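Chemist: Structural data only, the sequence is not supplied:
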């Protein structure tokens, strides 16, 4: 179980590093575009790239945010139940989320494969954008893996802090 927790932390840590690098790239691109607009030479495709970069950042941050319990959780009702019932409800929730995000990731992966096969490109820059779509699918799979590890921890009775 500890191995799965470690793999989970490593995968989502790497995704956060990549998201951080993409975010830094977005900042540099936005600043450069603002400067270039002052001299009437805006960078072509900035808006387009910002959208794709934003999608990658969001998708790659999902698993890490869940790992750190950074998502909003409304558990006021659940906290009134005994610990065993809380664990069961948590397991049901995690299992549902695993299934949902596996399906979402799979469908996005299929869409990305379709984009790849058809050779679709962006409107302004004419670049392929299936890699961004695959990245979003990977982010969904990473989130599903976080929920899977949480489900297994819940079933064996481990708390979130590993005790």
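Modeler: Alright, I've got the coordinates. Predicted, not measured: the structure shown is a model, and the values here were computed from it.

Chemist: Next up, the contacts around residue 121.
Modeler: 127, 128, 129 (CB atoms under 8 Å, 6 or more residues apart in numbering). Just so you know, the C-beta spots here come from the backbone N, C-alpha and C atoms, and that holds for glycine as well.

Chemist: now the nearest residue to residue 25 once chain neighbours are set aside: how far from residue 66?
Modeler: Closest residue in space to residue 25, ignoring its immediate chain neighbours: residue 53 at 6.6 Å, by CB to CB, 6 or more residues apart in numbering. Distance of residue 53 to residue 66, given as CB to CB, to the nearest Å: 21 Å.

Chemist: Check residue 32 too.
Modeler: Per CB to CB, residue 32 is found 33 Å from residue 66.

Chemist: who has more neighbours, the two?
Modeler: Legend: neighbour count by other CB atoms under 10 Å for residue 32 and residue 66, higher for residue 66 (24 against 13).

Chemist: List phi and psi for the residue nearest the centre of the chain.
Modeler: In the chain, the residue lying closest to the centroid (CA atoms, centre = their mean) is residue 59, at 2.7 Å. Residue 59 adopts backbone torsions of phi -60, psi -40, taken as degrees, to the nearest 10.

Chemist: Also residue 121?
Modeler: According to degrees, to the nearest 10, residue 121 has phi -130, psi 170.

Chemist: Quickly list what it is bridged to.
Modeler: residue 128 (DSSP bridges).

Chemist: Check what pLDDT the residue located most distally from the centre of the chain gets.
Modeler: Going by CA atoms, centre = their mean, the residue of the chain most distant from its centre is residue 39, 37.0 Å out. For residue 39, the model assigns a pLDDT of 93.
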